[in-house]
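> make a model of this:
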Amino acid sequence: MAEEEKAENRQLVLKIARIFDEVRTSHATHVRRVKELVALRSSSPSAEDFCGAFCAALTPVFDFNRKTASAERVIKFVASFSCSRAGRDDSGDDFLESFLRFLLKAAAAANNTARFRACQIISEIIMRLPDDAEVGDEVWDEVIDLLKLCTRDKVSAVRSSSIRALARFVDVSENEDILDLFLENLELEQNGDVRKIIVLSMPPSAKTLPKIIDCTLDVAESVRKAAYAALASKFPLQSLSIKLRTTILQRGLADRSPAVAKECLKLMRDEWLKKCCNGDPVELLRYLDVETYESVGELVIVTLLREGLIDLKDSQTTEKILVSKGDSVEGKCRPEVIDAETALFWRMVTKHLFHEAHTKGTDAAMTMGAESEVYAAEALDSNCLLDRILPDSVSEYIELFNAHLAAGSGYRFVSRQLLLLGAMLDYSDTSNRKVASEFVEQLLHMGLDHETDENGNEVIVGDGFSLGGDREWSAAVAELTKKVHAAAGEFEEVVCTVVEELARPCRERTAGSNQWLHCLAVIALLLENVTSFRYMQGRAFDSSEILNSLLLPGIKQASVDVQRASIRCLGLFALLEKDPSESIINQLKLSFTKGAPGVTFMASKALLDLAAWHGPDKLDKATTNCYVSAASFDHEQFCDATEYSSVKLVDLLLGGLRRDWSPCVEAEENHSIRETLGEGLAKILILSRKFEECDTKMHHVILASLVSLYFSSESDKLHRLKQCLSVFFEIYTSLSSAHKESLSKSFVPAIRSLWPGLQHGNSSRSNVIISSMRKRAVQASLFMLQMMRAPLFSKDASSFDSGSGEEGLAIRIAVEVASYLRGKKTAAERSYLGSLCRVLVLLEFRVSEQNAVKLLRRILNPVHLTVAADRDVAKELRRMAERLRAVDRTPDEMLSVDQCRIILGNVGAGKLELSFDVDEEAASTEAPPHTPFLPPSIRSRRRAKDRRDEASSSSSSGEEELPIPATTPSVSSRSQRASKTVALSRITAAGPTTGIDEEEEEDDEDDPGTESDVTCEKE
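The predicted structure follows:
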């Protein structure tokens, strides 16, 4: 009977295996084979027997680790069969429970392939399972618990399958633990494919929306693409805020990957434009708040035009634009104003047609024959559309603009769009140019908007130094003015005439602050849009008149807004000069040191722009008495008006960077000043190679200050500066070997300034703050070491000497540590020296730099003596000494003191500029062993024993000497714990004195890193 059952079971396994073998070749036979297998399951005497045979036939799949099409077909077939039912009397539910329990065992197996296939089959079953399937809750609980564990599996395929299976159980209201698991795994997951599955599996909710939007910045292209697919399918347009809508479009349409940009375009086209806006692009712009996010609106319209999603020949599209310009289709209706979305759409369509007509016309002129005729026809169509949608005349355009300007500040955005639209009109006709010229003069004479506060004072609306109150309006007016007055020198003549009229009350000292600001705004417009003073020379109101009559007197006005605007114009004026003027530089320095916060901020920008344009050394030479250097410049002199002109520019800017502005300015202004100075100094370092006259002596000081600021706690609030410096540090050291030399020089000053307790005022901090500051300093040291090892962009490394390599950095660190040899060290100094030595032992040395290696071997002895109390550091220094001896080609030959001093002054082509007294006797003495601190009686016995050993060994020693022993003495093989146990047992067995003596004798034998007599006496 048992043999018959085994034979039947064997036959059943063969039948199922035969079916598996057939379905792995094609999907076409799956439906028919599922029916056969269901009938076979129904005819089976019990569901458990059939499940056993089914699992036995399926077992080979669990050993097949490759992802092939045949294996995937079998797995999909198994999932389809597991979810199939023949009727009410079918035992499919019992089979499913038994099969799931089998898969649970396989998913917990040690074999990676078995776990992967089990989770894959469970995932396929869950995704295909109908809602009316009757499976016990206990089974589902076991499945869910196991899948949660599998989400942390070491195999990425197992994690992907388990997360895909759990996606059906995610419910914001019930199973929040699964959602929290997804969110946690999304932040910790390193595999891009798994992150993609997590993004696609998350349900729509307020919790998941920010995470999905954050994934649009993921490093993996597939994850970004999945994020836009999830946003399209799960979040309607109306459920998103304006900020989120613009963020999604701005990131997606400008993505570097064409596939991601295409997915974002699909979202915008199918889900937003067609479903929510009925294909109307203007309606889509209304969802984006184009007045606040103008650049996003422009990007959307440009993308739609480029993809051909806006039919410009459609009557409905042109009808909207015709109504916008003041005509209906019949030409009778003339509305007064239009909305912001229509104005932006009108401008972008006109700009597109203008560019299209110009491009096609150029192509027609450059080709011949039928191709030229095609291009000419396309250019003609674009010109016809332009003529149709643009105003019929310049007078109508001006009338339309004045109507919106008179409508109030709510239509300011529309008015600016119309100004930009005016630059596309044709002003070749004399009458049109005359009308437009009067219109431009009207715009230039238009004063700044202002409001009246509670005290009756007039408050300027806008930034206070641009025409119209914002730079966009000023740029639009300048563009229109240059289009109307396109002849050479005509633009300068018109604007100078307006400036002369506006400057009359200022020169007569009858102008108020608003008149001053209006005049300075027009001057700024002029200076921003000219390249030289050539066309301004010889006129009644030339550049010198502007400087002496308006800019310099404006700085002395009582109004801070006028001072700030004057400083801005003064900086623009200095950029146009061929050689920097001493009066302008001194005035900018004075405003930087003594001005109000807004004036200081503007003066710092002006000085940094001039330094980046001319070079700081050229600016210093322009001043006759610039002699104070960084060594003699005190921070207290920063606000001393009598010293500003004698301080070099870089020293003055560094003083402003290190100064604490918080007592005299607001927090935001303090951050703005420090961010501006930090970015400007980084720009000076990057551009230093382009300056004809460049003194690199202060570069390491600037770099040390930037590193200190980047790793200080204050930088947590300087987000823009941190982003700028992160890019700067990555590029700077890879540009040239000279930059690496500056980095080597700046290492010790930067770490010293960051280390707490070394500078005045750090000792009173709490332990938590001191620990945090030490961690930041250690991070800075490792970061600078990583910068030193960054490869150069240039393949020519001939100038890469030891002064700019790791050898020079090692010598500088060693000299810094050795300088603390004499004298008692504080706790902060001990930790500081230990941190430097931990960086020192990480440095690598080249065989070609023999002089640097030999010098470092001599300096390493006082370094070891300085940190001998730290056993771990001392052990690392011994290993470093062994490495140095291995690199040294002639280890027995030592450098003389004179040779060491020469190398310290000049190594290769890079000057170390170090001052260190190399003592012949100290350098030739072998490093003493390290001993622990002992009581005085034992210490005296130890000294006597050491003297006897020293006397006996000195007579037999024939070698020359080594700064540190080249080989590590033998250490007892007993563990530290065993050594302590033996010592304690001896103390217990004998008296206290005998126990101590035995323990100390044992330490003499086992401990290779004992203190010297000098160290013991210090203690």
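> wait, doesn't residue 150 sit right on residue 119?
Yes. Between residue 150 and residue 119 there is a contact at 5.5 Å, judged by CB atoms under 8 Å. (C-beta placed from N, C-alpha, C; glycine too.)
> okay, the two: which has more neighbours?
Of the pair residue 150 and residue 119, residue 119 is the one with more neighbours under other CB atoms under 10 Å, namely 28 against 24.
> can you map out the helices along the stretch 601-750 of the chain?
616-622, 649-658, 667-686, 699-711, 719-732, 737-754 (DSSP state H, counting those that start in this stretch).
> hmm, residue 725 is touching residue 682, no?
Yes. Counting by CB under 8 Å, residue 725 does reach residue 682; the two are 6.3 Å apart.
> what touches both of the two?
residue 706 (CB atoms under 8 Å, 6 or more residues apart in numbering).
> measure the residue positioned nearest the centre of the chain to residue 491 for me?
With distances taken as CA atoms, centre = their mean, residue 723 lies nearest the centre of the chain, 4.8 Å away. Counting by CB to CB, to the nearest Å, the separation of residue 723 from residue 491 is 37 Å.
> what are the boundaries of the strands in this structure?
Using DSSP state E, the strands of the chain run over 450-452, 458-460.
> note down every partner strand of the last one and its orientation.
With DSSP bridges as the criterion, the sheet partners recorded for strand 458-460 are strand 450-452 (antiparallel).
> and the strand it pairs with, average pLDDT?
Average pLDDT, strand 450-452: 75.
> buried ones in that strand, by neighbour count?
By neighbour count on 16 or more other CB atoms under 10 Å, the buried set for strand 450-452 is residue 450.
> likewise for stretch 765-783?
Using 16+ other CB under 10 Å as the burial criterion, the residues of stretch 765-783 that qualify are 770, 773-774, 776-778, 780-781.
> picking up where we left off before, show me what contacts the residue nearest to the centre of the chain?
Applying CB under 8 Å, 6+ apart, no residues contact residue 723.
> number the residues from 30 up from this point.
Sure, I'll start numbering at 30, so the last one becomes residue 752.
> can you tell me how far it sits from residue 759?
Distance from residue 752 to residue 759, by CB to CB: 12 Å.
> which residues of the stretch 780-929 of the chain score low on pLDDT?
789-793, 824-833 (pLDDT under 70).
> break down it into its helices, ranges please.
For the stretch 780-929 of the chain, the helices defined by DSSP H, counting those that start in this stretch occupy 796-817, 835-847, 856-869, 879-895, 900-916, 926-934.
> what are the buried residues along the fifth one?
The reference is to helix 900-916. For helix 900-916, the neighbour count (16+ other CB under 10 Å) marks 900, 902-907, 909-910, 913-914, 916 as buried.
> so it versus helix 835-847, what angle?
Relative orientation of helix 900-916 and helix 835-847, computed by axes from the mean of the first three to the mean of the last three CA atoms, to 10 degrees: 140 degrees.
> same for helix 900-916, what does it pack against?
helix 856-869, helix 879-895 (3 or more CB pairs under 8 Å, 6 or more residues apart in numbering; DSSP states H and E).
> how distant is that helix from the center of its chain?
38 Å (CA atoms, centre = their mean, to the nearest Å).
> repeat for the shortest one
Between the mean C-alpha location of helix 926-934 and the chain-wide mean there is a distance of 43 Å, by CA atoms, centre = their mean.
> again, but for the longest one
The gap between where helix 796-817 is centred and where its chain is centred comes out at 19 Å by CA atoms, centre = their mean.
> what does the third one give?
In terms of CA atoms, centre = their mean, the centre of helix 856-869 is found 30 Å from the chain centre.
> before we move on, back to that, for residue 631, which of the helices of the stretch 630-779 of the chain is the nearest?
helix 696-715 (9.5 Å; CB to CB).
> buried residues of that closest one, list them for me.
For helix 696-715, the neighbour count (16+ other CB under 10 Å) marks 698-714 as buried.
> same question for stretch 182-194.
For stretch 182-194, a neighbour-count test (16+ other CB under 10 Å) marks 182, 185-194 as buried.
> quick revisit: hey, what's in contact with both of residue 179 and residue 148?
With CB under 8 Å, 6+ apart, residue 179 and residue 148 have common neighbours 136, 187, 190-191.
> could you identify the most distant pair in those residues?
Between all members of the shared contacts of residue 179 and residue 148, the farthest pair (by CB to CB) comes out as 136 and 190, at 9.3 Å.
> need the overlap of contacts for the two.
Common contacts of residue 136 and residue 190 (CB under 8 Å, 6+ apart): 148, 151, 179.
> for stretch 481-499, how far is the first residue from the last?
Using CA to CA, to the nearest Å, one end of stretch 481-499 lies 19 Å from the other.
> from the chain's centroid, how far away is it?
On the basis of CA atoms, centre = their mean, stretch 481-499 is displaced by 36 Å from the centre of the chain it belongs to.
> what's the single longest helix in this protein?
Criterion DSSP state H: the longest helix present in the chain is helix 369-395.
> re the thing from before, need the helices of the stretch 780-929 of the chain in TSV (columns: distance to residue 552).
Formatted as TSV, the helices of the stretch 780-929 of the chain follow (distance: least, CB to CB, whole Å):
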stretch	distance to residue 552
helix 796-817	44
helix 835-847	50
helix 856-869	53
helix 879-895	57
helix 900-916	63
helix 926-934	53
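> got the domain boundaries for this structure?
With the TED database as the criterion, the domains of the chain are listed as 30-198, 455-605, 608-723.
> rank those by pLDDT, which is bottom?
domain 608-723 - the lowest mean pLDDT of those, at a mean of 78.
> now do the end-to-end distance for that one.
End-to-end for domain 608-723, by CA to CA: 16 Å.
> what sits against the closest residue to residue 143 other than its chain neighbours?
Closest residue in space to residue 143, ignoring its immediate chain neighbours: residue 91 at 4.6 Å, by CB to CB, 6 or more residues apart in numbering. Neighbouring residues of residue 91 by CB under 8 Å, 6+ apart: 135, 140, 142-143, 146-147.
> out of these, which is most surrounded?
residue 146 (28 neighbours).
> now that that residue has come up, it's in contact with residue 135, right?
Yes. Between residue 146 and residue 135 there is a contact under CB under 8 Å: 7.2 Å.
> on that earlier part again, let's see which of the contacts of residue 91 end up in helices.
Judged by DSSP H, the subset of the contacts of residue 91 located in helices is 135, 142-143, 146-147.
> quick check: buried residues in stretch 597-613?
Within stretch 597-613, the residues scored as buried using 16+ other CB under 10 Å are 597-604, 606, 609, 611, 613.
> ok, those vs residue 366, which is closest?
For the buried residues of stretch 597-613, the nearest to residue 366 is residue 597 (33.8 Å; CB to CB).
> lovely, talk soon.
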